[in-house]
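Asks: predicted model and sequence follow; I will ask about them next.
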Amino acid sequence: MDEQTVRKSFAMPATSPAFPMGPYRFVNREYMIITYRTDRAALEKVVPAPLQVADDIVKYEFIRMPDSTGFGDYTETGQVIPVTFNGVHGGYTHAMYLNDEAPIAGGRELWGFPKKLANPTLEVQVDTLVGTLDYGKVRVAVGTMGYKHRALPHDPTLASLLEPTFLLKIVPHVDGTPRICELVRYYLEDITLKGVWTGPGALGLYPHALAPVADLPVREVISATHILADLTLGLGEVVHDYLAE
C-alpha cells in the first residue's frame with residue numbers, strides 16, 4: 001500500500017473500515033424520551049465549558065434503529081443535557097450505550113459520540129413501552145411509559161429535533177496525551193416526523209461503576225415522549241478547540 005493510498009483511508013482498519021462513509025439515513029427511528037429533573041450541581045460537574053447548563057433537566061433516551069444506513073439494526077440509550085452555546089439552545093450528549101460495534105466505532109471516530117458497548121432494549125410489552133439498559137448482566141436503567149396514550153402536535157417536537165447537539169470529542173496521542181480535544185456540533189437533517197405521543201412515564205437509574213447514569217439522579221419525572229421518525233444524521237463541525245493556542 002503506497003502512501004497516497006494510505007492518505008485516502010478514512011477509518012480503521014484501513015483495509016476494512018468498521019463503518020462506511022456516510023451520509024447515514026435512519027428509517028423508522030423510534031425514541032422514548034423521559035425528561036426528568038436532577039441536581040444542578042451534578043450537571044455542572046459533567047457539562048464542559050464553554051457550554052452552559054440551561055436548567056436542572058436531563059433527557060433520558062431509549063432509541064430503536066431498525067434500519068440504519070451502514071450501521072444495520074441496533075438499539076441505543078443515554079442521557080442528553082439541555083445546554084446553551086453562545087445563547088443558542090441545544091443538547092449535550094453526555095452518555096450513550098449501544099449494542100452494535102459499527103456505530104460505536106463510527107460515532108466515536110467521526111463525531112466524538114460518547115458510546116460504550118452494552119445491551120439496551122426498547123419494546124412494547126402489552127400496554128407499556130419499556131426501555132432497559134444492562135451493562136453486562138447488571139440492570140442499570142429502566143424506563144416505562146403508557147403506550148400512545150395521547151398524540152402530541154408535531155411542530156414542537158420537530159423544532160426540538162432540529163436543535164443542535166454538542167459532543168466532546170477526545171482522541172489520544174500515542175503517548176496517551178490528548179491529540180484531539182474539541183467541542184463538536186451536529187444537526188439532524190431531512191426529518192420526516194411520523195408520530196409523537198405522550199403518556200405516564202417512570203424512570204429508574206441504578207449505580208454502576210462503569211455505566212454511571214445514576215450520577216445524574218432522578219428527582220422528578222417531568223414528561224415521557226414517544227417519537228417515530230425518518231432522519232439523516234449530519235456530519236459535524238468543530239465549534240471549539242481546547243488545544244488551540
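Replies: Received the coordinates, thanks.
Asks: which residues sit against the helix or strand of the chain with the lowest mean pLDDT?
Replies: The least trusted helix or strand in the chain, going by mean pLDDT, DSSP states H and E, turns out to be helix 3-7, with a mean of 91. Residues outside helix 3-7 that contact it (Cβ atoms under 8 Å, 6 or more residues apart in numbering) are Ala14. (Each C-beta comes from the backbone N, C-alpha and C, glycine too.)
Asks: how about it as CSV, C-alpha atoms only?
Replies: This file holds the C-alpha atoms of helix 3-7, laid out as CSV (Å, rounded to 0.1, in the frame of the first residue of the first chain):
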residue,chain,number,x,y,z
GLU,A,3,1.5,6.5,0.8
GLN,A,4,-1.1,8.0,-1.5
THR,A,5,-3.4,5.1,-0.8
VAL,A,6,-2.8,5.3,2.9
ARG,A,7,-3.8,9.0,2.8
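Asks: quick one: distance of it to the chain centre.
Replies: 33 Å (Cα atoms, centre = their mean, to the nearest Å).
Asks: quick check: next helix or strand after that helix?
Replies: strand 24-37 (DSSP states H and E).
Asks: against which helices or strands is whichever helix or strand Glu76 is part of packed?
Replies: Per DSSP H and E: Glu76 is located in strand 72-85. Secondary-structure packing of strand 72-85 (3 or more Cβ pairs under 8 Å, 6 or more residues apart in numbering; DSSP states H and E): strand 52-53, strand 57-68, strand 88-98, helix 101-106, strand 119-125, strand 165-172.
Asks: any buried residues in the helix or strand that comes right after the fourth one, and which?
Replies: Pointing back at helix 101-106 there. Remark: after helix 101-106, the chain's next helix or strand is strand 115-117, criterion DSSP H and E. For strand 115-117, burial by neighbour count (16 or more other Cβ atoms under 10 Å) applies to Lys115.
Asks: and for stretch 198-214?
Replies: 198-199, 201, 203, 205, 208, 211, 213.
Asks: now swap in stretch 121-131 and tell me
Replies: Under 16+ other Cβ under 10 Å, the buried positions of stretch 121-131 are 122, 129-131.
Asks: and if you look at stretch 88-95?
Replies: Quick answer for stretch 88-95 (16+ other Cβ under 10 Å): 90-95.
Asks: out of the residues you listed, which comes closest to Val58?
Replies: His94 (7.9 Å; Cβ to Cβ).
Asks: OK, contacts around the closest one?
Replies: Applying Cβ under 8 Å, 6+ apart, the residues near His94 are 46-47, 58, 78-81, 114, 216.
Asks: can you tell me the SS state at Ala159?
Replies: Per DSSP: H, G, I helix; E, B strand; the rest coil, the local secondary structure of Ala159 is helix.
Asks: check contacts around the residue lying closest to Thr84 once chain neighbours are set aside.
Replies: Among residues not flanking Thr84 along the chain, Gln52 sits closest, at 5.0 Å (Cβ to Cβ, 6 or more residues apart in numbering). Taking Cβ under 8 Å, 6+ apart, we find Gln52 in contact with 83-85.
Asks: among these, which ones are buried?
Replies: Neighbour-count burial (16+ other Cβ under 10 Å) applied to those gives 83, 85.
Asks: okay, the contacts of Gln52 in TSV with pLDDT and distance to Lys169 next?
Replies: Compiled in TSV, the contacts of Gln52 are given as follows (pLDDT from 0 to 100; distance: Cβ to Cβ, whole Å):
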residue	pLDDT	distance to Lys169
Val83	98	16
Thr84	98	20
Phe85	98	15
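Asks: relative to Leu152, which of the contacts of Gln52 is nearest.
Replies: Val83 (23.5 Å).
Asks: for Tyr36, see how far away the closest one is.
Replies: Val83 sits at a distance of 16 Å from Tyr36 (criterion: Cβ to Cβ, to the nearest Å).
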